[in-house]
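Chemist: Provided below are the primary sequence and the corresponding predicted coordinates.
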Amino acid sequence: DYLKVDPILGNEKDFQELNIQNDLAIFYKKFMFKNGLVHRYSPDATIDSNQTTRLYSQLNYELPNQLSYIQIGDNISKASALARSYYFAGLQWGTNFNNRPGYVYWNVPSISGTALAPSTIDLYIDGVKAYNGRINPGEFNIDNGAFANGNGSAQMIVEDVLGNKQVKNIDFFVSDRLLRKGLSDYNVAIGKLRYNYSVESNDYRDFFSSAYIRHGLNPYLTLGAQVEYSDQIQNLGLMWTNRLPKIGVFDLAVARSHSEIGNGNMYSAGIVHQGKNINWGMNSSIYDKSHRTLGMDKEISVAKLENFAYLGFSEIPVIDTLSFNYIEQMQHTGSQLPDNRIFSLRSNKNLSPDLSMTFGLSKNIENDKDLSFDFSLSYQFAKNKSINLNQTDDATLISTYKLDNAPVGIDYIVGLGHSQENQKVTFNTDTKLK
């Protein structure tokens, strides 16, 4: 069981507000009940913000043997490449691969062989020992999830009791986007959509139902589908995830929706490459102006085109890591929303085993604002305890936290911030009693 309290105090030149969020969780065997509230208080009599809002009430039942769960109450829908998440209240049933610690649901390669005598086996992945064990005479198979995402090379060394060695070199590819052969990831939900979350306690409106599934056909191909239905919006989509040899993982998603403003299509394609020292990826999505998914009001304007690309390097001398990102969002004709094209650069450096530094720059070339920057330092002064300094071009935040996996105790985060733009000072603390 735990009780979590998160007060946030804001103090501007002409306005003050205090927000306190409480989260309560009670466990009993495979059941867990959770409830969350937020309390708002302001001394400004002209603002009607002195109220308490219920954020969620939820009962959860875990099915660890089936790697699934059942939830009743307030929840957030499962996100996918086909639809954005939305708040709702009702019944939800789906997979939860985290139910079983150490369970590997992605396409881990199997390393197999034959030993003629009792032997020891060592497995090296990209030059680092990942497995050591003893095997009996006969066929053997190693499938322990030690492989990292991306392309790599493994070396297996088998030595029998007489000192004879067998060495086998293997190239492999692993991605957690690809499910293991025969494994399915699914989610089914039914209930009412929720609007004005954190503002209204019980703004439930449209009845809906949805179903989502992805299935691993083989180690290199996973297919999926999603369907959403309400009286106002119906949406059907398909997903394809496939390995491209020596390149990476290719994702394709297509969807078609129907609503009172008409039919609309969505097309999305992307590719991701994860190597030992270089990672890169890109994704592009195209939306018809009339495309809708559950939780979207008809007044909401969807973007016409969204592009994303990144390039990252690791183990670089002096600076450790360096990444470049590009985000582009182009609107339909007549939209009130602006276009965006944002370039960003980020670097991370470990100054010592306990001290790390991050630095970033970004620029939106669709507006006239100056180059934005952010800088942070993180120092771990004790086990599970750290202090952090974050500085941007218009705000400063100092925070300290203690987080651990102990079943009993106190976890906390305490922060103090200042915004130069509106001279706003904020204080927040997030305390969890376990």
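Modeler: Perfect, I can see it now.
Chemist: Paired strands for the helix or strand hosting residue 88, with orientation please.
Modeler: Under the criterion of DSSP states H and E, residue 88 resides in strand 87-95. Sheet pairing of strand 87-95 (DSSP bridges) gives strand 68-76 (antiparallel), strand 184-194 (antiparallel).
Chemist: Export those strands as a markdown table, with columns for mean neighbour count, mean pLDDT and distance to residue 111.
Modeler: Backbone N, C-alpha and C define where each C-beta goes, glycine included. Converted to a markdown table, those look like this (neighbours: other C-beta atoms under 10 Å; pLDDT from 0 to 100; distance: least, C-beta to C-beta, whole Å):
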| stretch | mean neighbour count | mean pLDDT | distance to residue 111 |
| --- | --- | --- | --- |
| strand 68-76 | 18 | 94 | 30 |
| strand 184-194 | 18 | 95 | 25 |
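Chemist: closest one to residue 386 among those?
Modeler: strand 68-76 (28.3 Å; C-beta to C-beta).
Chemist: chain center to the closest one, what's the gap?
Modeler: 18 Å (C-alpha atoms, centre = their mean, to the nearest Å).
Chemist: which other residues reach it?
Modeler: 55-63, 85-96, 99, 189, 194 (C-beta atoms under 8 Å, 6 or more residues apart in numbering).
Chemist: Could you rerun that using 6 Å?
Modeler: 56-62, 85, 89, 91-93, 95-96 (C-beta atoms under 6 Å, 6 or more residues apart in numbering).
Chemist: Mind listing what's buried along stretch 400-417?
Modeler: Neighbour counts over stretch 400-417 (16 or more other C-beta atoms under 10 Å) mark 400-402, 411-413, 415, 417 as buried.
Chemist: How about residue 287: what's its closest non-neighbour residue?
Modeler: Distances taken as C-beta to C-beta, 6 or more residues apart in numbering place residue 302 nearest to residue 287, at 4.7 Å, with adjacent residues excluded.
Chemist: so where's the chain uncertain?
Modeler: 1-17, 43-50, 108-110, 126-127, 142-152, 172 (pLDDT under 70).
Chemist: Quick check, central residue of it?
Modeler: What sits nearest the mean C-alpha location of the chain, by C-alpha atoms, centre = their mean, is residue 79, with 9.6 Å.
Chemist: and that one, that one's in a strand?
Modeler: No - counting by DSSP: H, G, I helix; E, B strand; the rest coil, residue 79 is not part of a strand but coil.
Chemist: Could you pull up the contacting residues of it?
Modeler: Counted by C-beta under 6 Å, 6+ apart, residue 79 has contacts residue 85.
Chemist: so how far is residue 23 from it?
Modeler: 21 Å (C-beta to C-beta, to the nearest Å).
Chemist: what does residue 190 give?
Modeler: As judged by C-beta to C-beta, residue 190 and residue 23 stand 25 Å apart.
Chemist: Tell me, how many residues neighbour residue 52?
Modeler: The number of residues packed near residue 52 is 12, by other C-beta atoms under 10 Å.
Chemist: Which of the helices or strands spans it?
Modeler: Applying DSSP H and E, one finds residue 52 within strand 51-63.
Chemist: and that strand, which strands flank it?
Modeler: strand 31-41 (antiparallel), strand 68-76 (antiparallel).
Chemist: What are the buried residues along that strand?
Modeler: Buried-residue list, strand 51-63, by 16+ other C-beta under 10 Å: 53, 55-58, 60, 62.
Chemist: could those residues be laid out in JSON lines, adding distance to residue 321?
Modeler: Shown next, in JSON lines, are the buried residues of strand 51-63 (distance: C-beta to C-beta, whole Å):
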{"residue": "53", "distance to residue 321": "41"}
{"residue": "55", "distance to residue 321": "36"}
{"residue": "56", "distance to residue 321": "37"}
{"residue": "57", "distance to residue 321": "42"}
{"residue": "58", "distance to residue 321": "38"}
{"residue": "60", "distance to residue 321": "37"}
{"residue": "62", "distance to residue 321": "37"}
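Chemist: rewinding a little: just give me the closest of the contacts of strand 68-76 to residue 360.
Modeler: Among the contacts of strand 68-76, and counting by C-beta to C-beta, the member closest to residue 360 is residue 85, at 26.2 Å.
Chemist: List the contacts of that closest one.
Modeler: 76-77, 79.
Chemist: Are we agreed that it is in a strand?
Modeler: No - read with three-state DSSP, residue 85 is coil and lies in no strand.
Chemist: and the gap between it and residue 67?
Modeler: 21 Å.
Chemist: same thing with residue 244?
Modeler: In terms of C-beta to C-beta, residue 244 sits 29 Å off from residue 67.
Chemist: What's the local residue count around the residue nearest to residue 287?
Modeler: Residue 302 has 20 nearby residues by other C-beta under 10 Å.
Chemist: Can you tell me how far it is from residue 94?
Modeler: 26 Å.
Chemist: Surely residue 64 touches residue 98?
Modeler: No - using C-beta atoms under 6 Å, residue 64 is not in contact with residue 98; the gap is 10.1 Å.
Chemist: which one of the contacts of strand 68-76 sits closest to residue 182?
Modeler: residue 95 (13.6 Å).
Chemist: Show me what the closest one bridges to in the sheet.
Modeler: residue 68.
Chemist: If you tally nearby residues, what's the number for it?
Modeler: Residue 95: 21 neighbours (other C-beta under 10 Å).
Chemist: wait, what's in contact with it?
Modeler: 67-68, 185-186.
Chemist: swap the cut-off to 8 Å and go again
Modeler: 67-68, 184-187 are the contacts of residue 95 under C-beta under 8 Å, 6+ apart.
Chemist: Dump those to JSON lines, plus distance to residue 136.
Modeler: Below are these laid out as JSON lines (distance: C-beta to C-beta, whole Å):
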{"residue": "67", "distance to residue 136": "30"}
{"residue": "68", "distance to residue 136": "36"}
{"residue": "184", "distance to residue 136": "34"}
{"residue": "185", "distance to residue 136": "35"}
{"residue": "186", "distance to residue 136": "38"}
{"residue": "187", "distance to residue 136": "42"}
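Chemist: Touching, residue 287 and residue 304? I think so.
Modeler: Yes - the pair residue 287 / residue 304 is scored as a contact, 6.3 Å apart, by C-beta atoms under 8 Å.
Chemist: The two: which has the busier surroundings?
Modeler: Per other C-beta under 10 Å, whichever of residue 287 and residue 304 has more neighbours is residue 287, with 20 against 17.
Chemist: Pairing partners for that one in the sheet, please.
Modeler: residue 266.
Chemist: same deal with residue 216?
Modeler: residue 222.
Chemist: ok, it to residue 287 distance?
Modeler: 28 Å.
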